[in-house]
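K.L.:
All I have is the shape, not the residue letters:
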């Protein structure tokens, strides 16, 4: 079969990872891709199939004529769209092909579910908050996987290094990590990611400068090589966040064999299969600081949690199972 993936962004974020973990494990089907911007993930997909960069409007609408040209050129059987926002892209009304959607945003309010033959939710949380919006549409919950992540050795050092790599925007609550860094001036914090909100990025830089946080290394637009270096340098993934339908960054930290601190918000508890994450009450900065301090004092718990996280990743997040489940959907709606 021939599958057209409409991904929008190429910033290496959740939609890119959700798609890439499928297509790199799918040798049975052919794949083409549509996006609206270039970015670090574009080369991932260029190794697999044709990538088209098209203009779109603020509601994620692409020119119907150009989409139809791509469909005809590649004899597309199924369209797979990855929805990062609540927008209702009406251009799909005009395309009469089997379609599925992977929901990566919070709520799909006002979304025309009749446009799709299948709705894929990446967590139980995502399905729950959308239960009133999907009607009788066929749907499934399939957790994403992540393949061949090389684990880092666990260090039993006392000079614990914290870090995080995420999109730089308000919903990621990076400021909460910086507040913890201010409370623990003896510990190093490495904070980086792809800038989505320049205003927020400048606010974070001002906070670091104003509070003279000499223990914070702040990096914009982290490359893959820099990401690997950051993971090899840290002991704890410090990741308070919100609006996560499925948090790839936390899963990646687990796969890298890091202890993880986060909030009990959105889908995060679903990653906590064996009490492997250090989860604190959402937006409770005092408890977040306490959890951060605890890992600096209790190396035994930190090391045990890191090893447990790797085990949970290997047990529950197999990419092959994830990819096969998505391929089964292609078969069911495209034949």
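P.N.:
Happy to help now that I have it. None of the values given here were measured: they were computed from a predicted structure. Numbering: from 1, shown residues only.
K.L.:
and the residue nearest to residue 290 when sequence neighbours are not counted, how many neighbours does it have?
P.N.:
Of all residues not flanking residue 290 in the chain, residue 280 sits nearest, at 7.8 Å (C-beta to C-beta, 6 or more residues apart in numbering). Just so you know, the C-beta spots here come from the backbone N, C-alpha and C atoms, and that holds for glycine as well. Neighbourhood size, residue 280 [other C-beta atoms under 10 Å]: 20.
K.L.:
Residue 280 reaches residue 287, doesn't it?
P.N.:
Yes - with contacts counted by C-beta atoms under 8 Å, residue 280 reaches residue 287, the gap being 4.3 Å.
K.L.:
longest helix of this structure?
P.N.:
helix 299-316 (DSSP state H).
K.L.:
Tell me which helix or strand comes right after that one.
P.N.:
helix 319-334 (DSSP states H and E).
K.L.:
Look up phi and psi at residue 62.
P.N.:
With angles defined as degrees, to the nearest 10, residue 62 sits at phi -100, psi 160.
K.L.:
What is the end-to-end distance of stretch 100-118?
P.N.:
Length of stretch 100-118, first residue to last, C-alpha to C-alpha, to the nearest Å: 5 Å.
K.L.:
What mean pLDDT does that stretch get?
P.N.:
Averaging pLDDT along stretch 100-118 yields 77.
K.L.:
next one: stretch 208-217
P.N.:
pLDDT averaged over stretch 208-217 gives 98.
K.L.:
what does stretch 9-27 give?
P.N.:
pLDDT averaged over stretch 9-27 gives 87.
K.L.:
how about the helices in the stretch 201-335 of the chain?
P.N.:
224-233, 248-255, 285-297, 299-316, 319-334 (DSSP state H, counting those that start in this stretch).
K.L.:
and of those helices, who's closest to residue 52?
P.N.:
Across the helices of the stretch 201-335 of the chain, residue 52 has its closest neighbour in helix 319-334 (19.8 Å, C-beta to C-beta).
K.L.:
same for that closest one, what does it pack against?
P.N.:
helix 14-23, strand 78-83, strand 99-103, strand 118-121 (3 or more C-beta pairs under 8 Å, 6 or more residues apart in numbering; DSSP states H and E).
K.L.:
JSON lines for these, including distance to residue 275 and mean neighbour count?
P.N.:
Formatted as JSON lines, these follow (distance: least, C-beta to C-beta, whole Å; neighbours: other C-beta atoms under 10 Å):
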{"stretch": "helix 14-23", "distance to residue 275": "25", "mean neighbour count": "23"}
{"stretch": "strand 78-83", "distance to residue 275": "31", "mean neighbour count": "23"}
{"stretch": "strand 99-103", "distance to residue 275": "28", "mean neighbour count": "25"}
{"stretch": "strand 118-121", "distance to residue 275": "24", "mean neighbour count": "24"}
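K.L.:
Mean neighbour count and mean pLDDT added to the helices of the stretch 201-335 of the chain, as TSV?
P.N.:
Converted to TSV, the helices of the stretch 201-335 of the chain look like this (neighbours: other C-beta atoms under 10 Å; pLDDT from 0 to 100):
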stretch	mean neighbour count	mean pLDDT
helix 224-233	15	92
helix 248-255	24	94
helix 285-297	17	97
helix 299-316	18	95
helix 319-334	17	92
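K.L.:
so who does residue 221 touch?
P.N.:
By C-beta atoms under 8 Å, 6 or more residues apart in numbering, the contact list for residue 221 reads 193-195.
K.L.:
ok, so of these, who is nearest residue 139?
P.N.:
residue 194 (29.7 Å).
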